[in-house]
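K.L.:
3D model of this:
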Amino acid sequence: MILTILPYPIFFMLVAELPKFEDVRLADLHLYHLLDSPPEKEFDELRELAARICNCPVSMISLVDRDRQWYKSQQGFDVKETGRDVAFCSHAILHNELMIVEDMTKDIRFDDHPFVTGEQHVRFYAGAPIVSPTGQNLGTICVIDQQPRTLNDFQKHALEILSNQVTKLLELRLKTKIIEDRAARLISLKDQALQEFIAENDQAQLLMAKELHENIAQDLAAIRLYLTMADNGNEKNVQFIAAAQKAIRQVMDNVKNLSYNFSPSTLETSNLQLLMEDLLEKNKKDGLDVELLISGNSSSVSFLQLISYVRITEAWLQVLLKQPLITKVNITITIDAGVHIVISDNAADRWFADKENEIFRNALYYRVIGMNGHLRFVESANGLNELHVQLPIVKKEIYSSGNN
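P.N.:
The predicted structure follows:
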């Protein structure tokens, strides 16, 4: 069976409302660079499997763009896209669970739909949302029939599993692109100055700063101790020893200041509580109340990962500070088998500007994905906007040092 889309008259059908975080959902969708891409065997196989399991003649993997529904893969449908206002999947992405309409003629949302009343004669629809790591429904994997019907529990569960596999395929596709982009970037760096390369490589900065402060400064401290021990009270030596001690103190201060140029405020301590308090102190805003709660043991977490928690929080805090109506931010970090960061705020529904989306994507999204983590938006029961970040734990590295 092939459904042919013909010009349709105006019907009094119900047009789906927009999802709450529509701007973020669209940013997520465009991030994958999948719209208008050529067919890919991996997507076609998942879509075909959905059709076979559900025994339906029409199946699709659809993505809902700003004003259209575009099909990455389709069977039994002779077009590549439709208007969003007539898309069944525009209704399906409003839910986090499988949407099944057993008989379109008996559903008020679709009984006057042109695909139902017209020559397409659509009667049955079942679609499972394709969910991004941030919790945004990008589209669906769906099946359609011209006869009313039902799905059994096995078919329902299979459709949900297939939607998860589409999400994983999207993530694999994105990570491959990130790796390719990073490789291209490294190649382009060959003609750039060393200092520019260091400035762009955050992890290298942290390692250099840590080694500089902990190793060299510790050696200088040891020398200072030896001079103190050499002070035997001889009046002729006291003046010289005091001068040497003063000079070494100055060198230690210079080393510390130099290390701060690489990574300010991170070398004083690896205590997460103090690092976060230092971050909040530097980002204070009049009229904004910020509460911080950290639970669990951070002492076993690696130094670099602790810094990443701070950077993730800082990136999203910079976005929130731009919101004019915000007065409350709660930051909760829980460390147990993994790390769960929740940043909630009471700002009104917000539409992210292009620059803010760029900050969010570059500074936050890629860092979380690079750490094999996940993030999503939810609205809490008390009406707060919540960003949830889930990360695996990287155990603390063991450093050893010795004197030659």
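
K.L.:
neighbouring contacts of stretch 153-173?
P.N.:
Residues outside stretch 153-173 that contact it (C-beta atoms under 8 Å, 6 or more residues apart in numbering) are 32, 34, 42-43, 46, 49-50, 53-54, 61, 98, 100, 126, 128-133, 138, 140-141, 143, 151, 369. (Each C-beta comes from the backbone N, C-alpha and C, glycine too.)

K.L.:
Lys72 is in contact with Ser37, correct?
P.N.:
Yes. At 7.2 Å, Ser37 counts as touching Lys72 under the criterion of C-beta atoms under 8 Å.

K.L.:
OK, contacts around the residue nearest to Val101 when sequence neighbours are not counted?
P.N.:
Excluding its sequence neighbours, the residue lying closest to Val101 (C-beta to C-beta, 6 or more residues apart in numbering) is Tyr125, at 4.6 Å. Shown in contact with Tyr125 (C-beta under 8 Å, 6+ apart): 88, 99-101, 104, 110, 142-144.

K.L.:
show me which residues of the strand or helix carrying Phe154 are buried.
P.N.:
Phe154 is part of helix 153-188, with elements assigned from DSSP states H and E. Buried positions in helix 153-188, judged by neighbour count with 16 or more other C-beta atoms under 10 Å: 155-156, 158-159, 162-163, 165-167, 169-170, 173-174.

K.L.:
same deal with stretch 112-128?
P.N.:
113-117, 120, 122-128.

K.L.:
kindly reformat those residues as JSON lines containing pLDDT.
P.N.:
Below are the buried residues of stretch 112-128 laid out as JSON lines (pLDDT from 0 to 100):
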{"residue": "His113", "pLDDT": "87"}
{"residue": "Pro114", "pLDDT": "87"}
{"residue": "Phe115", "pLDDT": "89"}
{"residue": "Val116", "pLDDT": "89"}
{"residue": "Thr117", "pLDDT": "87"}
{"residue": "Gln120", "pLDDT": "84"}
{"residue": "Val122", "pLDDT": "92"}
{"residue": "Arg123", "pLDDT": "94"}
{"residue": "Phe124", "pLDDT": "95"}
{"residue": "Tyr125", "pLDDT": "95"}
{"residue": "Ala126", "pLDDT": "95"}
{"residue": "Gly127", "pLDDT": "94"}
{"residue": "Ala128", "pLDDT": "95"}
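
K.L.:
which one of the contacts of Tyr125 is nearest His388?
P.N.:
Met99 (24.0 Å; C-beta to C-beta).

K.L.:
ok, now which ones touch the nearest residue to the closest one once chain neighbours are set aside?
P.N.:
What sits nearest to Met99 in space, not counting adjacent residues and going by C-beta to C-beta, 6+ apart, is Ala92, at 4.2 Å. Contacts were defined as C-beta under 8 Å, 6+ apart; by that measure Ala92 touches 99, 127-129, 137, 140, 142.

K.L.:
which of those residues tops the neighbour count?
P.N.:
Highest neighbour count within the contacts of Ala92, by other C-beta atoms under 10 Å: Thr140, with 30 neighbours.

K.L.:
relative to the helix or strand harbouring that residue, what are the paired strands and their orientations?
P.N.:
Taking DSSP H and E as the criterion, Thr140 maps to strand 137-145. The strands that strand 137-145 pairs with in its sheet are strand 58-64 (antiparallel), strand 124-131 (antiparallel) (by DSSP bridges).

K.L.:
could those go into JSON lines alongside distance to Val319?
P.N.:
Shown next, in JSON lines, are those (distance: least, C-beta to C-beta, whole Å):
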{"stretch": "strand 58-64", "distance to Val319": "25"}
{"stretch": "strand 124-131", "distance to Val319": "22"}
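
K.L.:
which of these sits closest to Gly287?
P.N.:
It's strand 124-131; of the strands paired with strand 137-145, that one is closest to Gly287 (C-beta to C-beta) at 35.7 Å.

K.L.:
next, the angle from the closest one to helix 153-188.
P.N.:
With axes from the mean of the first three to the mean of the last three C-alpha atoms, to 10 degrees defining the directions, strand 124-131 sits at 40 degrees from helix 153-188.

K.L.:
tell me, please, the helix or strand in this protein that averages the lowest pLDDT.
P.N.:
Lowest mean confidence among the helices and strands of the chain (mean pLDDT, DSSP states H and E): helix 194-200, at a mean of 46.

K.L.:
out of the contacts of Tyr125, who's nearest Ala347?
P.N.:
Taking C-beta to C-beta as the measure, Met99 is the one of the contacts of Tyr125 closest to Ala347, at 30.3 Å.

K.L.:
can you show me the strands along this structure?
P.N.:
58-64, 68-75, 81-83, 99-101, 124-131, 137-145, 289-295, 328-335, 338-345, 374-379, 385-392 (DSSP state E).

K.L.:
which one of those strands lies nearest to Arg185?
P.N.:
Using C-beta to C-beta, the nearest of the strands of the chain to Arg185 is strand 374-379, at 23.2 Å.

K.L.:
can you list contacts of that closest one?
P.N.:
With contacts defined as C-beta under 8 Å, 6+ apart, strand 374-379 is touched by 20-21, 24, 133-136, 364-365, 368, 385-390.

K.L.:
sheet-wise, list the partners of it with their directions.
P.N.:
Strand pairing for strand 374-379, determined by DSSP bridges: strand 385-392 (antiparallel).

K.L.:
quick check: buried residues in the strand it pairs with?
P.N.:
Within strand 385-392, judged by 16+ other C-beta under 10 Å, the buried ones are 385, 387-391.

K.L.:
if I take that strand and strand 338-345, what angle do their directions form?
P.N.:
170 degrees.

K.L.:
just use 423 as the starting number from now, easier for me
P.N.:
In the new numbering, first residue 423, that becomes strand 807-814.

K.L.:
ok so, going back, could I have the CA atoms of the strand holding Thr562 written out in CSV?
P.N.:
Extracted as CSV, the C-alpha positions of strand 559-567 are listed here (Å, rounded to 0.1, in the frame of the first residue of the first chain):
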residue,chain,number,x,y,z
ASN,A,559,11.2,14.6,21.7
LEU,A,560,12.7,15.1,18.3
GLY,A,561,10.3,13.0,16.3
THR,A,562,9.0,9.4,16.2
ILE,A,563,9.3,6.0,14.8
CYS,A,564,5.8,5.2,13.8
VAL,A,565,3.5,2.7,11.9
ILE,A,566,0.2,3.5,10.1
ASP,A,567,-2.6,1.4,8.6
